[in-house]
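Asker: Structure for the following, please:
(2 chains)
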Amino acid sequence: MEFNYLKKNLKKDFTGLKKIKVSLLSDTASQLLVQAIRGYGYEYAYDLDIFEADFNQIDRQIMDYTSELYEHKADITIIFESSHKLLNKFNKLPADQKKYYAENHIEHLDMLIKTLSAKLKTKIIYLNLAEINDTVYGNYANKLNNSFVFQQRKFNYLLMEKAAITPELFICDLSAIQNLYGKKQLFSPSIYINTEMVLSIDILPKVAHGILSIIAAMNGRMNKCIILDLDNTTWGGIIGDDGIENIQVGTLGIGKAFTELQYWVKSLQQRGIIIAVCSKNTESVAKEPFEKHPDMVLRLEDIAVFVANWENKADNIRQIQSILNIGFDSMVFLDDNPFERNIVRDNIPGICVPELPQDPAEYLQYLYSLNLFETIAVSNEDAERTKLYQTESKRVIQQQKFTNEDDFLKDLNMLSIVEPFNKFNTPRVAQLSQRSNQFNLRTVRYTDADIEALATAEDFHTFSFTLEDKFGDNGLICVIILKKENDTTLFIDTWFMSCRVLKRGMENFVLNTIANFAKENGFSIVKGEYIPTAKNEMVKDHYKNLGFEESGNFWTLNATDYKNKKCFINKK
Amino acid sequence: MLLIIKIKNVSSIKNNNMTKEDILQQVNEVFIDVLDNEDININNETTAEDIEEWDSLSHIQLVVAIEKHFKVRFTSSEIQSWKNVGEMVDCIQVKAA
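Answerer: Residues are numbered from 1 along each chain as shown, chains lettered A, B, ... in the order given. Model (predicted):
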């Protein structure tokens, strides 16, 4: 996407798009970067309301609690310090101070972040340094802790360490963008000298994309699943024609290209991305390499849903979606065949279909460049996800054996652990808060830091729910945050649930828990609210179905004479 | 007739016989695209004062777009030195030759 295209977006109609408040602090001229970010926001259907501080005002804006920064109250604050400005500062230091530069600057940044966070609930996106090699010491700089090269890399490293322990701090990896496109594309000396801008026009869209993918992830938009075609995508050749001994994977032909792609997919799977297969093949033939080929990296147990038949791919992807129960807009479909790609693109709105290069050798490098799997949290459960979906397929089969729904549910032997937020479940609670879009009544997003604060906040009561059954453990799948509104009323600030436990009676179990808590603590009214979004239509009648009564924009339930609803889940 | 066609071909390949009018017309196209305004009609005397969208920010965009279009690179001093479109066109003509 070109900068001029993004700039033209600024003239388009932003009404109805999701409003997000952003502040941008930079030590260089940032007007065009702001245009690129807002223009790119349009592509994500965001109306970004951006406050841009005058340049070189980072410290002043943050240190002065009466500044425009605090007036704007942004959800997200972007801080962009350039390696050029830092080099200028570095060069002015006395010789004996240079070796402390990275540490001192991190400390300064830490102070700024603490000052900012103390006053404003904002997430911070910091752009790390796009390296300058000033060659003052040549390659020897790598051995010398008072060289700029050394201090600059150390700063980027310390920044990662800082981000790892600072939940509200996120890094936009400008250094990686420079790695990909090169200094020559990132930086234009004549523009810098003329305007104080350190980013070239051509790189602005890439940087804006980097920032927007983080903002989108913060708002629950991220890819959760990758669907693979097999022939000439996962391996070279056509399994039905060439046979298992002739497909290219491992050392045969250009097999290395496919092996490395498979390792990448496997790493995604291990970090929680669901892998599905959608192939035009006879199922047994398609599965054979996964079972028998010694050089295959991906195995059947890595695949959550395996669909191989001769139906059209759009229908097959709809079937995969119905098992996984995630939005089409969180799926990526890889296929070498432009025809199949177009069919899927035309028939499945929202799905991401990368335009794979013709040469399989280029696949991986191209996929890297797209940064398809941005996230803002990971948890241990991610790695278990494939197993969860595989057991879900088993459950679907089991359910078909029972004609009576109750008998089926009883037979599952469901158990739930109900606990308040604690340091063990915080990461998962925060993650679910970011990712739940459909079964989410008010869609208020909470980060790790928010969850920690809520756990101890007065007037707030928190509940997390797990669910296990005879087929396996679903882990933590539902979160409730209750807020004391007054002596009689308890407000359901948050109710979200993972869609993979729908139709198990979890809603009833959760409501029983809420109502009993209310009763035991002297509240007579439980109040709920549904805030519609583009994605949570599914729970529009949630409170109505649970017996709440409509009162204005809210729903209320009399807790005093509440009788437990039927459910087959027991407390563990 | 044949001879004329030949000469024309040579000139378009070498790109070195562009008249100032040719350049001005192409620069105008770049202005229309970058500034997103179909009504722009520049001449040699046009300055930033005359076109609303032409400010210091869009100037940089124009410079980059013109560099790309004519496959030339301007020096930092050149970028600052032009007083009107005509001087920019002169500069392009010298560089593109």
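Asker: Please list all residues in contact with whichever residue of the stretch 301-450 of chain A sits closest to chain B.
Answerer: Chain B sits closest to A:S369 of the stretch 301-450 of chain A, with a gap of 21.4 Å, by C-beta to the nearest C-beta. (C-beta placed from N, C-alpha, C; glycine too.) Counting by C-beta atoms under 8 Å, 6 or more residues apart in numbering or on different chains, A:S369 touches A:L180.
Asker: Surely it is in a helix?
Answerer: Yes - checked against DSSP: H, G, I helix; E, B strand; the rest coil, A:S369 lies within a helix.
Asker: what's the spacing between it and A:D335?
Answerer: 18 Å (C-beta to C-beta, to the nearest Å).
Asker: Next: A:K11.
Answerer: A:K11 sits 36 Å away from A:D335, going by C-beta to C-beta.
Asker: Where does pLDDT dip in chain B?
Answerer: B:1-17 (pLDDT under 70).
Asker: for the stretch 301-450 of chain A, same thing?
Answerer: A:383, A:393, A:396-403.
Asker: Strands of that one, start to end?
Answerer: A:305-309, A:331-334, A:414-416, A:418-419 (DSSP state E, counting those that start in this stretch).
Asker: distance between the second one and the chain's centre?
Answerer: Relative to its parent chain, strand A:331-334 has a centroid offset of 16 Å by C-alpha atoms, centre = their mean, to the nearest Å.
Asker: Could you list every helix and strand in contact with that strand?
Answerer: Strand A:331-334 sits against strand A:225-228, helix A:313-324, with contacts defined as 3 or more C-beta pairs under 8 Å, 6 or more residues apart in numbering or on different chains; DSSP states H and E.
Asker: Same check on the third one?
Answerer: Judged by 3+ C-beta pairs under 8 Å, 6+ apart, the packing partners of strand A:414-416 are strand A:460-469, strand A:569-571.
Asker: Just to check, A:I125 is in contact with A:A74?
Answerer: No - A:I125 lies out of contact with A:A74 (C-beta atoms under 8 Å); the separation is 10.7 Å.
Asker: what about A:G243, neighbour count?
Answerer: 12 (other C-beta atoms under 10 Å in any protein chain shown).
Asker: Look up how far A:K292 lies from it.
Answerer: Between A:G243 and A:K292 the computed distance is 11 Å (C-beta to C-beta).
Asker: where does chain A have low pLDDT?
Answerer: For chain A (pLDDT under 70), the answer is A:383, A:393, A:396-403.
Asker: what about residue 28, how many neighbours?
Answerer: All of this refers to chain A. 18.
Asker: oops, chain B please
Answerer: 16.
Asker: Contact partners for it?
Answerer: Per C-beta under 8 Å, 6+ apart, neighbours of B:N28: B:I40, B:N41, B:I42.
Asker: Go through these and single out the one with the most neighbours.
Answerer: Going by other C-beta under 10 Å, B:I42 tops those with 22 neighbours.
Asker: Pretty sure it sits against B:F31.
Answerer: Yes - applying C-beta under 8 Å, one finds B:I42 in contact with B:F31, separated by 6.0 Å.
Asker: got any residues that touch both of these two?
Answerer: Common contact partners of B:I42 and B:F31 (C-beta under 8 Å, 6+ apart): B:I51.
Asker: Report the buried residues of the strand or helix carrying A:Y543.
Answerer: Using DSSP states H and E, A:Y543 sits in helix A:542-545. Residues of helix A:542-545 classed as buried: A:H542, A:Y543 (neighbour count, 16 or more other C-beta atoms under 10 Å in any protein chain shown).
Asker: Dump the C-alpha coordinates for it into CSV.
Answerer: Extracted as CSV, the C-alpha positions of helix A:542-545 are listed here (Å, rounded to 0.1, in the frame of the first residue of the first chain):
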residue,chain,number,x,y,z
HIS,A,542,-28.7,-13.6,26.5
TYR,A,543,-30.2,-11.9,29.6
LYS,A,544,-33.7,-12.3,28.2
ASN,A,545,-33.2,-16.1,27.8
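Asker: which residues are in contact with the following helix or strand past it?
Answerer: Sequence order places strand A:549-551 as the next helix or strand after helix A:542-545, per DSSP H and E. Residues outside strand A:549-551 that contact it (C-beta under 8 Å, 6+ apart): A:K544, A:W555, A:T556, A:L557.
Asker: Note down every partner strand of strand A:549-551 and its orientation.
Answerer: strand A:554-558 (antiparallel) (DSSP bridges).
Asker: coming back round to it: return the most buried member of the strands of the stretch 301-450 of chain A.
Answerer: Scoring these by mean neighbour count under mean count of other C-beta atoms under 10 Å in any protein chain shown gives strand A:331-334 as the most buried, with a mean of 23.
Asker: The stretch 201-350 of chain A: helices as residue ranges?
Answerer: Taking DSSP state H, counting those that start in this stretch as the test, the helices found in the stretch 201-350 of chain A are A:204-218, A:239-242, A:255-270, A:283-292, A:313-324, A:338-347.
Asker: again with chain B
Answerer: B:2-14, B:20-35, B:56-70, B:76-81, B:85-96 (DSSP state H).
Asker: can you list the residues of chain B near chain A?
Answerer: Contact residues, chain B versus chain A (C-beta under 8 Å from any C-beta of the partner chain): B:33-34, B:36, B:56-57, B:60-61, B:64-65, B:73-76, B:79-80.
Asker: Closest one of these to A:P420?
Answerer: B:L57 (52.3 Å; C-beta to C-beta).
Asker: Find the closest residue to chain B in the stretch 401-550 of chain A.
Answerer: The stretch 401-550 of chain A approaches chain B most closely through A:A534 (29.7 Å), counting by C-beta to the nearest C-beta.
Asker: number of nearby residues for that residue?
Answerer: Around A:A534 there are 11 residues (other C-beta under 10 Å).
Asker: helix or strand for it, which one?
Answerer: Going by DSSP H and E, A:A534 is not part of any helix or strand.
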